[in-house]
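Peer 1: Predicted model, plus sequence, below.
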Amino acid sequence: MLNAKQLIDCKGHQVFTVRPAQSVYEAISLMAEQNVGSLLVMKESKLVGIITERHYARNVILKGKASPDTPVGEIMSRTVVCARPEQTVDECMDLMTRKRVRHLPVLEQGKVIGIVSIGDIVKAIIDDQSFVIEQLENYIAGEKLVH
């Protein structure tokens, strides 16, 4: 089973970020442009929050705010659930489920090395299960040939 660091090594280390003072409009535009559902909010090189499409829907649209006039820092989540590089995909899935998050930054020695989404986790689990199934099928087929 892969761990978070191995998963990031496979999918890539690219992380899209915004600053707390940037407008929500800029953040949503970047999400659309990059086809991602979240952005890490960084102040210099420090992770200070996360903004997701859900934050936008619940804290801007439903509250009648204007996205060009609302800073990211006003609607972001300041409590960011993070994973460690050595945590397995299963542990990341459990963490995401328990904390009800869909995006999990991975920190190594306090620095962001990547982010995994629920989609990345599900794909890794399916790939792992497919491999096990293939190995079992090969084993069974080999056993049948011997008898």
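Peer 2: Looks like it arrived, so ask away. Residues are numbered from 1 along each chain as shown.

Peer 1: Might you report the residue contacts of Pro68?
Peer 2: Ser23, Val24, Tyr25 (C-beta atoms under 8 Å, 6 or more residues apart in numbering). Where C-beta positions appear, they are placed from N, C-alpha and C, glycine not excepted.

Peer 1: I'd like to know how many residues surround the second one.
Peer 2: I take that to be Val24. Applying other C-beta atoms under 10 Å, we find 26 residues neighbouring Val24.

Peer 1: Kindly give the local confidence score, pLDDT, for Leu136.
Peer 2: Note on Leu136: pLDDT of 79.

Peer 1: pLDDT below threshold where in the chain?
Peer 2: For the chain, the stretches with pLDDT under 70 are 143-147.

Peer 1: And the strands in it?
Peer 2: All strands of the chain, identified by DSSP state E, fall at 17-18, 38-43, 46-52, 103-108, 111-117.

Peer 1: hang on, the earlier thing: closest to Tyr139 among the contacts of Pro68?
Peer 2: Set against Tyr139, the nearest of the contacts of Pro68 by C-beta to C-beta is Val24 (53.7 Å).

Peer 1: need the contact list for the residue nearest to Gly37 when sequence neighbours are not counted.
Peer 2: Excluding the flanking residues, the one nearest Gly37 by C-beta to C-beta, 6 or more residues apart in numbering is Glu53, at 5.3 Å. For Glu53, the contacting residues are Ile28, Met31, Gly37, Ser38, by C-beta under 8 Å, 6+ apart.

Peer 1: Nothing else from me, thank you.
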